[in-house]
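Asks: could you work out the structure for the sequence below:
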Amino acid sequence: MGSISQFAGKTRPAPRHIESEEEALTVAKDLAFRFAERASERDLERILPHDELDQLAQSGLLAISIPSEYEGIDVSNVVLAEVTAILSEADSSIGQIPQGHFHALEALRQYATEEQKQFFFGRARAGDRFSSAISESSEKTIGSPITRIIGDGAGYRINGRKEYLTGILFADWIAISALDATELMTLSFVPRTTEGVRIIDDWDSFGQRVNGSGTAILENIHVDRSSVVPYHRAFGRQTTIGSVGQIINAGVDLGIARAAFRETLEYVRNGADSSEDALAIAKIGEVAIRLEAATALIEYAGLKVDTAQVDPTEAHAAEASITVTAAKVLAAEAALEASNTLFDLAGAASTKVSQNLDRYWRNARAHASQDPLRRKHHLVGNYHLNGVRPRDGSL
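Replies: Got it, this is the predicted structure:
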């Protein structure tokens, strides 16, 4: 692992312009077929998927959530989650990488000025990749950063350290959260090549090994005033920003569950007696039902997020957040159950290092640990019992 101090800009051809949700799903399936081929090798050797991320950017999928008035197709959150699940079934690290990208686009959609939307949505359509720099290891509570943005003439300066930034190694733009002089949260969009930005490749998790996570060191970086979005509004009222991030997380878990289930079926079908074993058949049925339930709840949650975006009342946003939270729990549990069942039914041969089937469990466990399920149960319980709406605005 090393330090990446600068990003060498690339001249890219114009990405594909996706015209419909059906086309988006087709493109995702085509990419997934290619990404799956070397997924195990990338995981085993920790080969970062630079070529695959270039293909993803060129495919047009990273622009599908852009509103139609800015030449996007404003894809439904149901489809956004399914695209994520399709990519994650092939390689869950790649499926997770765009989460910060879509989070940043949703923040722009909600709070950016018209000029900011025109520019940054245009960059996304051109194939630029965004990463959200929100979390800090020094936070006492999630969403309470110490990174500050201070006025400096016609612009601002930011100093701080951001950690656990999914996809940061592949980003062209970084959306950095920071508190201003009045203690209000801001989100600054800065180029990866900005002087004073240093990206460290320090991700050493046993799962999601090639999701491009890292740390950003921000040393007196300059930010144009035109690049700062008033992100504090995401915390002052209920919005869909957090729900978009969470439904992508649920899609990642669903993809892992589908992949582990597919491998299980292959091993059991090829076993000497396993396919006729009543207990094995029942267990397969149990996992299949969990997958069906997770898929259905994610779709239901996606529809609620769609409703909250079209009719942005706090009640709609709160309902969407709670349902997405429930979907995330169900999908994560399905991923863990499916990956455990793989080894229960496939036997000793499935534990060979050369098979690398443990990556499904490792990925499911690592992904679930990044946002513990116990927090989700508490959020849902507190909402139903005490009417406490979950906080929004953070990943």
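Asks: so for Pro145, what's the pLDDT?
Replies: Per-residue pLDDT puts Pro145 at 58.
Asks: over to Asp273?
Replies: Asp273 is given a pLDDT of 59.
Asks: pull the contacting residues for Ser177.
Replies: Ser177 sits next to 132-134, 145, 147, 185-187, 231 when contact means CB atoms under 8 Å, 6 or more residues apart in numbering. Backbone N, C-alpha and C define where each C-beta goes, glycine included.
Asks: pLDDT below threshold where in the stretch 1-150 of the chain?
Replies: For the stretch 1-150 of the chain, the stretches with pLDDT under 70 are 1-11, 138-145.
Asks: show me where the protein has its helices.
Replies: Residue ranges of the helices in the chain, as given by DSSP state H, are 21-36, 39-45, 50-59, 77-90, 92-96, 99-111, 114-125, 233-236, 241-270, 278-310, 314-346, 358-369, 373-386.
Asks: for Gly167, find the nearest of those helices.
Replies: Of all these, helix 99-111 sits nearest to Gly167, with 5.3 Å by CB to CB.
Asks: show residues contacting the closest one.
Replies: Counting by CB under 8 Å, 6+ apart, 62, 65-67, 80, 116-117, 120-121, 124, 129-132, 165-168, 171, 173, 175, 187, 189, 229-231, 233-234, 239-241, 244-245, 248-249, 252, 395 sit against helix 99-111.
Asks: please work out which of the helices of the chain is packed deepest.
Replies: Mean neighbour count (mean count of other CB atoms under 10 Å) peaks for helix 92-96 among these, with a mean of 31.
Asks: mind giving me the packing neighbours of that one?
Replies: helix 50-59, helix 77-90, helix 241-270, helix 358-369 (3 or more CB pairs under 8 Å, 6 or more residues apart in numbering; DSSP states H and E).
Asks: just how off-centre is that helix within its chain?
Replies: Put simply, helix 92-96 sits 8 Å off its chain's centre (CA atoms, centre = their mean, to the nearest Å).
Asks: sorry, back to before: of all the helices and strands packed on helix 92-96, which lies closest to Val310?
Replies: helix 77-90 (11.1 Å).
Asks: quick check, pLDDT for Leu336.
Replies: Reported pLDDT for Leu336: 97.
Asks: quick one, grab the pLDDT at the nearest residue to it once chain neighbours are set aside.
Replies: Nearest residue to Leu336 in three dimensions, chain neighbours excluded: Ala364, at 5.0 Å (CB to CB, 6 or more residues apart in numbering). For Ala364, the pLDDT comes out at 97.
Asks: need the contact list for Ala364.
Replies: Contacts of Ala364 by CB under 8 Å, 6+ apart are 207, 253, 256-257, 260, 332, 335-336, 338-339.
Asks: cutoff 7 Å now
Replies: 253, 256, 335-336, 339 (CB atoms under 7 Å, 6 or more residues apart in numbering).
Asks: just name the closest of the residues you listed to Arg38, please.
Replies: The closest of the contacts of Ala364, once distances to Arg38 are taken by CB to CB, is Ile256, at 17.5 Å.
Asks: thought the closest one was touching Ala90?
Replies: No. Ile256 sits out of contact with Ala90 when judged by CB atoms under 7 Å, with a separation of 10.7 Å.
Asks: roughly how far apart are the residue nearest the centre of the chain and Val244?
Replies: In the chain, the residue lying closest to the centroid (CA atoms, centre = their mean) is Gln99, at 2.5 Å. To Val244, Gln99 is 9 Å away according to CB to CB, to the nearest Å.
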